[in-house]
Every structure is written in structure tokens, then in C-alpha cells.
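1. Here you go, sequence then predicted model.
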Amino acid sequence: MKPLQIFQQPAAAPAVTSSRLLKTFSFTIYMITAIVVSVFPLYYSSLGYSKLQIGTLYSIGPAVGIFANLFWGFLSDKLRTIKYVILTVLAGQLIAFLIMFQVDAFSFMIVIVTAFYFFQTPVQGLMDSQTLLTVKHTGESYASYRIWGSLGFSFASVLFGLLLSRFGEQIIVYLAVGTVMIALLLCLKVKDSDRGPQTKDFSGLRQVILSQKFIFFLIFIFFIAASARTNDGFLAVYMLELGADPSLVGYSWMVGALSEIPFFFLVSKYGHRFKPLALLSFAGIVFAIRFFLMVFIDNPVWVVALQLLHGLSFGILFITAVRLLVQLVPDQFRASGQAVFNVVWAGMAGLFGGTIGGKVFDVWGGQPLFLFASGLACIASLGFLMLHFTRKLEA
């Protein structure tokens, strides 16, 4: 048997995972994301870490993700498998979780969190690649799968917040380990999707990612993602400062995630009627307004209400960005192209938002932090609008 042969699908009819299984798997994957986004900041606070330390830990994920997304994405395309790469990274997450909750010293936490993010940051990109390749054969919309991720995220945010309020931080290890184990079991039944003729020459990938269109796209994706990641990293801590308890933090994430669903459907069904760059510019304006309004909030309940704008901003942004990405990257480079996108979307933008945002929060407080996030979104909106009028990306 040749090396790596076990990873390859036989040359037969395209293998397609059942719709129900893939949607359930997406639901579970985003439950893990809820732990990282909504539970980790609370856990770090319980250990007595400062806002700057929390920002540092938060920025590790994006920093590691820059390398991890490229490594696992390229490996996936090289071995022509997404399933077994996801299995590997989920197993790595499980081991990291088992170690993470045994330490509290900040120096040790940095090491474990670094290892964890190496396996965690590529998962959503790999999941999106699997979904996009699947819907190409089934004829379903990407949004019909992605909403199950939003449902999983919102469900976990509320459930985990309630459990934390009832049992305290000691319950986190059971939630984390149990969720990853469920994801592992589901992944075993997932089938790798066919991605067309095998490509041995990856020089075409360089041409794609270094093209003027792709670079312009990524530049302004960085600004709008940095705005969103700044909010993601410090929303929970800001709400705690306003007097919220963990369950209310969970409800805020639930409202945001559920608000995505109708816009995922609307943009998926009607988005083609509009120029994608104009839609991205509009999403940037909504992000800017949303974060600007955060400056005037002194009651955490209003934060939950304001999360309704998340659907209008992120819902339009994400589906439209994926639509452009599919146009810019051919299927044989799907995982690698998605990885490069995630390097900017979650890696570079998250690193910037975590480190600079953490410094702003630590020195000046939460209100200047959200003014900072609003300004980044404005830059992105103007950038996409400029590209729209100069027709840099659109035919």
C-alpha cells in the first residue's frame, strides 16, 4: 500500500454525506466555538487574569491560526481529504482540553492555549470547505447548513451560561470534553466530498491567492473582521463589568446567533440580485453603528437587545464573503483558499483585535474599545464601497 493511500477515496461515484448528519455535525462544531467565545473569557476571569492577560490569551488563537489554517488547509488539499484532517484536529482539541483545566498559572496556560488553538482554529474553515463541496452535489444552499451552526452556537451559549451560573466554573471541563467527544463520533460517519480532478501542481494556488482581486478582497475583510473580533473577544468581559451574570452573557450570544438565521436565508436567496461589494459595504456600516451604540450602554440587558443587529451585520457579511470566495477560488484549492481566508478573517484580524483591543480596554476602558471597533468597521465599509465603484472585483 502506498503511503497516505488510506486517506484517499476510491475512484467511484462522488461520496456525499447525508444532509442530516452534516447539519448535526455543524451544530456540534459550533457548540465547541461557543465554549471558546463565550466561556473562555469567563473562565480566564475566574482565574484572576487581568484584561490585558485575557487579551493576550485571546490573541494566541488568531496568531497560531495564521500558521495552523494554512498548514491544515494545504494538508487537506494535498491528501485530498477533509474528514481525516478534521478527525485529527478534534482529537488534538480533546487532549488539550484535558490538560488545560488542570493548570492555572498564566505561563503554563499560554503553552496549553497555544497547543489548543493549533487544533481549534482550522475547524470552521475545514467545515465550510466540506459543506461547500457537499452542496455542489446536492444542490442545497450553503445557508441551509450554516444555520445549524448558528443554532448550535446559540443553544450552547445559553445552556452553558445557565450551567455555569448553577454549578460554577468546575463544570467547564465536562462541557468541553463532552462536546468534543460527540463531534468526534459524528465525524467518523462523515464522508469526504469529491473535489474534481486531482491536482498535483499547486502553482495555480499561488496565482489565485496573489491575484489583485483576492488581495483587495482580503485587505478590507481584515478591517471588518478586526472590528468583529474585537467585540467577540471582550463582549463577555464588558458585560461582567456592567453587572451581568454568566447566564445573561449566554443569552446575548444566543440572541446574536439566532439573529443570523433569517439573514443567512435572505442573502442566500436574494443576495445575487445585489453587487456583493455593495452588500459588504452595507454590512460594514451596520457593524459601525452597532459598536458605536455600545458606547452609550450602561445596562447589560441593552447589550442583549443590541445583539439583534448582529444578524443584519454578520449575516450579510459572512454569506456574501463566502459567495465571493467561491468565485475567486477553484474547487481543487477549496481547503487552501478557505484557509487563507481564515488566516485573515480569524487569524490576523483576531490577533490585531485581541492585542490592540486588550490594550485599549486595559488602559482606557470599554467605551473607547467599542469606538475603536466602530472605526475599523467604517474603514472596511469605505474600502468595499471604493472597490464597488472602481469594479476591482466585480464583473
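-> It's in.

2. buried set for the one helix or strand Leu52 maps to?
-> Taking DSSP states H and E as the criterion, Leu52 maps to helix 51-79. If you call a residue buried by 16 or more other CB atoms under 10 Å, then helix 51-79 has these buried ones: 51, 53-66, 68-70, 72-77, 79. Bear in mind the C-beta positions are built from the backbone N, C-alpha and C, glycine included.

3. chain center to stretch 115-135, what's the gap?
-> Averaged C-alpha coordinates place stretch 115-135 at 9 Å from its chain's average position (CA atoms, centre = their mean, to the nearest Å).

4. which element is Phe155 on?
-> Following DSSP H and E, the helix or strand that holds Phe155 is helix 142-167.

5. now for that helix, which elements pack on it?
-> In terms of contact count using 3 or more CB pairs under 8 Å, 6 or more residues apart in numbering; DSSP states H and E, helix 142-167 is assigned the packing partners helix 19-34, helix 123-138, helix 172-187, helix 246-270, helix 316-328.

6. what's near enough to touch the residue nearest to Gly243 when sequence neighbours are not counted?
-> Spatial nearest neighbour of Gly243, excluding adjacent residues (CB to CB, 6 or more residues apart in numbering): Pro300 at 6.0 Å. Contact partners of Pro300, counting by CB atoms under 8 Å, 6 or more residues apart in numbering, are 239, 242-244, 248, 252.

7. next one: phi and psi at Pro300?
-> Torsion angles at Pro300 (phi, psi; degrees, to the nearest 10) stand at phi -60, psi -20.

8. if I look at it, how far off is Leu325?
-> Taking CB to CB, to the nearest Å as the measure, Pro300 falls 35 Å from Leu325.

9. same check, this time on Ile316
-> From Ile316 over to Leu325 the distance is 15 Å, taken as CB to CB.

10. So for those two, which sits in the more crowded spot?
-> The residue with the greater number of neighbours, taking Ile316 and Leu325 and applying other CB atoms under 10 Å, is Ile316; the counts read 25 against 21.

11. I'd say the more buried one and Ile285 touch.
-> No. With contact taken as CB atoms under 8 Å, Ile316 and Ile285 are classed as non-touching, separated by 10.4 Å.

12. Give me the buried positions along the next helix or strand after the helix holding Leu52.
-> Scanning the chain past helix 51-79 towards its C-terminal end, the next helix or strand to appear is helix 83-100 (assignment: DSSP H and E). Under the neighbour-count criterion of 16+ other CB under 10 Å, helix 83-100 has 83-90, 92-94, 96-97, 100 buried.

13. May I see the residues you listed arranged in JSON lines, with distance to Phe223 and pLDDT as well?
-> JSON lines is the format used below for the buried residues of helix 83-100 (distance: CB to CB, whole Å; pLDDT from 0 to 100):
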{"residue": "Lys83", "distance to Phe223": "34", "pLDDT": "90"}
{"residue": "Tyr84", "distance to Phe223": "35", "pLDDT": "92"}
{"residue": "Val85", "distance to Phe223": "30", "pLDDT": "93"}
{"residue": "Ile86", "distance to Phe223": "30", "pLDDT": "94"}
{"residue": "Leu87", "distance to Phe223": "35", "pLDDT": "94"}
{"residue": "Thr88", "distance to Phe223": "33", "pLDDT": "95"}
{"residue": "Val89", "distance to Phe223": "28", "pLDDT": "95"}
{"residue": "Leu90", "distance to Phe223": "31", "pLDDT": "96"}
{"residue": "Gly92", "distance to Phe223": "31", "pLDDT": "95"}
{"residue": "Gln93", "distance to Phe223": "29", "pLDDT": "95"}
{"residue": "Leu94", "distance to Phe223": "35", "pLDDT": "94"}
{"residue": "Ala96", "distance to Phe223": "31", "pLDDT": "93"}
{"residue": "Phe97", "distance to Phe223": "33", "pLDDT": "90"}
{"residue": "Met100", "distance to Phe223": "32", "pLDDT": "88"}
